[in-house]
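1. quick one, fold the following:
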Amino acid sequence: MTDLPQPLDHTFTAPIGVEVKGETWACVEMPGSAEFFGTGKAVRVDATVDDVPVPNVGFMVTGRGGHMLSLNAKLRKRLGKDIGDTVTVHLERRLS
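-> Predicted structure coming up:
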């Protein structure tokens, strides 16, 4: 993999809320992410969530072979959404 950013054009829709160690985290899980990214390690991307730009954000590993994107309280407030609501994520560029 090159160190230069790579363009992406991938969109998925998912509910906010990922079970991690018995707790629900305010994250969205990307289906097929390990295959898409070609790794089981964390990945940094530029993305939008419901058309709100989210630059240089990390997709964390879920511990189940996939990746999840954390949606902090400030972003959820801006979106008007919380755990249980569905969002659309568009990946624009891979940074790592």
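
2. from here on, just use CA atoms for contacts and neighbour counts.
-> OK.

3. can you confirm residue 63 is in a strand?
-> No: under DSSP: H, G, I helix; E, B strand; the rest coil, residue 63 falls outside any strand and is assigned coil.

4. each with direction, which strands does the helix or strand bottoming out on mean pLDDT in the chain pair with?
-> When each helix and strand of the chain is scored by mean pLDDT, DSSP states H and E, strand 18-20 comes last, with a mean of 89. Using DSSP bridges, strand 18-20 pairs in its sheet with strand 23-25 (antiparallel).

5. got the buried residues for the partner strand?
-> The neighbour-count check on strand 23-25 (16 or more other C-alpha atoms under 10 Å) flags residue 25 as buried.

6. check stretch 73-84 too.
-> 75, 76, 82, 83.

7. I'd say the third one and residue 24 touch.
-> No: taking contacts as C-alpha atoms under 8 Å, residue 82 lies outside contact range of residue 24: 11.5 Å.

8. longest single helix anywhere in the protein?
-> The longest helix of the chain (DSSP state H) is helix 73-79.

9. what comes into contact with it?
-> Contact with helix 73-79 is made by 50, 52, 82, as judged by C-alpha atoms under 8 Å, 6 or more residues apart in numbering.

10. secondary structure, distance to residue 59 and pLDDT added to those residues, as a markdown table?
-> Output for these, formatted as a markdown table (DSSP: H, G, I helix; E, B strand; the rest coil; distance: C-alpha to C-alpha, whole Å; pLDDT from 0 to 100):
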| residue | secondary structure | distance to residue 59 | pLDDT |
| --- | --- | --- | --- |
| 50 | coil | 17 | 98 |
| 52 | strand | 17 | 98 |
| 82 | coil | 19 | 97 |
